[in-house]
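# show me the folded form of this:
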Amino acid sequence: MSRSKKSRKEGALMKAILPKRTPKEEKEKRIRKKSGNKPGSRQVTEAKQSNQANQSAQRDPRLGSKKPIALGVEQVTHSKPAPKPENRPESIAPVRVVDNSAALEQELLALENNEALQTLAARDEAGEALTEEQQSQLQAGLARYQELVSELGLEQEQDEDVQTQESSQVSEEALWDKLDDYDFSEYQEDKEK
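Coordinates of the predicted model:
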């Protein structure tokens, strides 16, 4: 067989020659934590320090403050400090007292005549279960009523009852005196019989 020289021309029978290695897709490099200094950092810091040393050497240490120095003897005159003004209280305008009792009385009457509040109070006294909203509405109304009564200086019937109960109660010391003075001889005779 005769020898044929290889040629670079593609013939009809030749396959396309593919590279043996397929190029890999480049993945994004993972960002890692860096510890330590970057390369060449020693030279950079040394250069900065040498620049600072050169600048300080260039500055003349004899040059100091630019503040002028008095060469002659000057007479220093101390001025007396200005007298402090006395603390005089400034006149304050009198406080105006606003009488809003009429508005408070109207609000109190409106609360007393509020039918919804009265029905809620009646249902609560009867022992019916109220919703949270109704309960909060009743509490708010009663609290406002108490505030208005105290602001107007009106006394409630409950306050009068409490005062009569307090006056009817005898002091503890009086009770002890009564106990000490009591004659128990009647009870001793009953036991003997």
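# contacts and neighbour counts: CA atoms only from here.
OK.
# same question for residue 42, what's its three-state structure.
Local secondary structure at residue 42 is given as helix here, using DSSP: H, G, I helix; E, B strand; the rest coil.
# measure it to residue 48 for me?
Plainly put, residue 42 is 10 Å away from residue 48 if you go by C-alpha to C-alpha, to the nearest Å.
# just the helices in the protein please.
Assigned by DSSP state H, the chain shows helices spanning 41-58, 101-112, 115-126, 132-152, 157-168, 172-181, 185-192.
# just flag whichever of those has the lowest average confidence.
Among those, helix 157-168 has the lowest mean pLDDT, at a mean of 58.
# one step back: make JSON lines from the helices of the chain and add mean neighbour count to it.
Shown next, in JSON lines, are these (neighbours: other C-alpha atoms under 10 Å):
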{"stretch": "helix 41-58", "mean neighbour count": "11"}
{"stretch": "helix 101-112", "mean neighbour count": "14"}
{"stretch": "helix 115-126", "mean neighbour count": "14"}
{"stretch": "helix 132-152", "mean neighbour count": "14"}
{"stretch": "helix 157-168", "mean neighbour count": "10"}
{"stretch": "helix 172-181", "mean neighbour count": "10"}
{"stretch": "helix 185-192", "mean neighbour count": "8"}
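# nearest to residue 64, of these?
Evaluated with C-alpha to C-alpha, the helices of the chain place helix 41-58 nearest to residue 64, the distance being 13.5 Å.
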